[in-house]
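**Q** Predicted structure and sequence below. I'll ask about it afterward.
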Amino acid sequence: MSTDRIDETRIKETTNFHGHWCPGLAIGIRAAEWALKEMGKSPDEEIVAVVETDMCGVDAIQYLTGCTFGKGNLIHKDYGKNAFTFYRRRDGKAMRLVTRPTIYGDSGPILRKLHHKMQAEGLTKQEEKTWQETRANLSERIMESEIAEVFDFKAPKDTVPKKARILASLTCESCGEPVMETRTRRFNDRVLCIPCFEAVEKRE
């Protein structure tokens, strides 16, 4: 394995962190691998990752790159795309990695069909075996392919996100719980958290 690749020990650690091995995690490992090679591991908030999915691969990006939700340098945009943008603050270097449909090969249609059947009625033992084998083969393909076969590389449209801010908390006047000021809503001159505001809206 190339010295630029994530070694087997780190792959195992990432799998343990996530909970299981799967194609989605493999995609995240390869994205993190590119980020570590091209931008380095993030000390504090130096590297920022913007992820366009909440799939398995995001765990690999958190674990391997040092970009995390808690530090504010892992930003989730709910677009349902296997796309990951990395920024380096000190010099503005940035790249958006978009998973190529071709990496799935023949596995894509097979997995979609089996996934739909699994959700609707469950799989037979043979179908379950096919499901597991297909996922394992796809994971191996993702890990063994050249990085340019896994991702298209595109210039990001957005500039580097601002650093995370520590904001004041207010007390919701309905439930009494503290809530970040920027996440409050006002209703009849009362400060409400989002769940309480939505509950009031439903009653109106």
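**A** Great, that's in hand. All figures in this text were calculated on a predicted structure; none of them were measured in a lab.
**Q** Contacts for stretch 128-141, please.
**A** Residues from elsewhere that reach stretch 128-141, judged by Cβ atoms under 8 Å, 6 or more residues apart in numbering: 21-23, 25-26, 103-105, 107, 110-111, 114, 118, 123. The C-beta positions use only the backbone N, C-alpha and C, and glycine is treated the same way.
**Q** Around Glu146, how many other residues sit close by?
**A** 7 (other Cβ atoms under 10 Å).
**Q** Now it. Its backbone dihedrals?
**A** phi -60, psi 150 (degrees, to the nearest 10).
**Q** Out of the contacts of stretch 128-141, flag the one nearest to Lys157.
**A** For the contacts of stretch 128-141, the residue nearest Lys157 by Cβ to Cβ is Ile103; the value is 23.2 Å.
**Q** okay, the contacts of stretch 128-141 in a markdown table with distance to Cys196 and pLDDT next?
**A** Output for those, formatted as a markdown table (distance: Cβ to Cβ, whole Å; pLDDT from 0 to 100):
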| residue | distance to Cys196 | pLDDT |
| --- | --- | --- |
| Trp21 | 41 | 97 |
| Cys22 | 38 | 96 |
| Pro23 | 40 | 96 |
| Leu25 | 37 | 98 |
| Ala26 | 41 | 98 |
| Ile103 | 45 | 96 |
| Tyr104 | 43 | 95 |
| Gly105 | 49 | 93 |
| Ser107 | 45 | 93 |
| Ile110 | 46 | 93 |
| Leu111 | 41 | 93 |
| Leu114 | 42 | 93 |
| Met118 | 38 | 93 |
| Leu123 | 42 | 92 |
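**Q** Please indicate which of these are buried?
**A** Among these, those scoring as buried are Trp21, Cys22, Pro23, Leu25, Ala26, Ile103, Tyr104, Ser107, Ile110, Leu111, Leu114 (criterion: 16 or more other Cβ atoms under 10 Å).
**Q** Now name the helix or strand holding the last one.
**A** Meaning Leu114. helix 107-120 (DSSP states H and E).
**Q** picking that back up, which two from the contacts of stretch 128-141 end up farthest apart in space?
**A** The span of the contacts of stretch 128-141, defined through Cβ to Cβ, is set by Ile103 and Leu123 at 24.0 Å.
**Q** Only alpha carbons, please: show stretch 196-204 as CSV.
**A** C-alpha atoms of stretch 196-204 as CSV (Å, rounded to 0.1, in the frame of the first residue of the first chain):
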residue,chain,number,x,y,z
CYS,A,196,-41.9,24.8,21.3
PHE,A,197,-42.4,27.2,18.4
GLU,A,198,-43.4,24.4,16.1
ALA,A,199,-45.8,23.0,18.7
VAL,A,200,-47.5,26.4,19.0
GLU,A,201,-47.8,26.6,15.2
LYS,A,202,-49.5,23.2,15.1
ARG,A,203,-52.1,24.3,17.6
GLU,A,204,-52.9,27.6,15.8
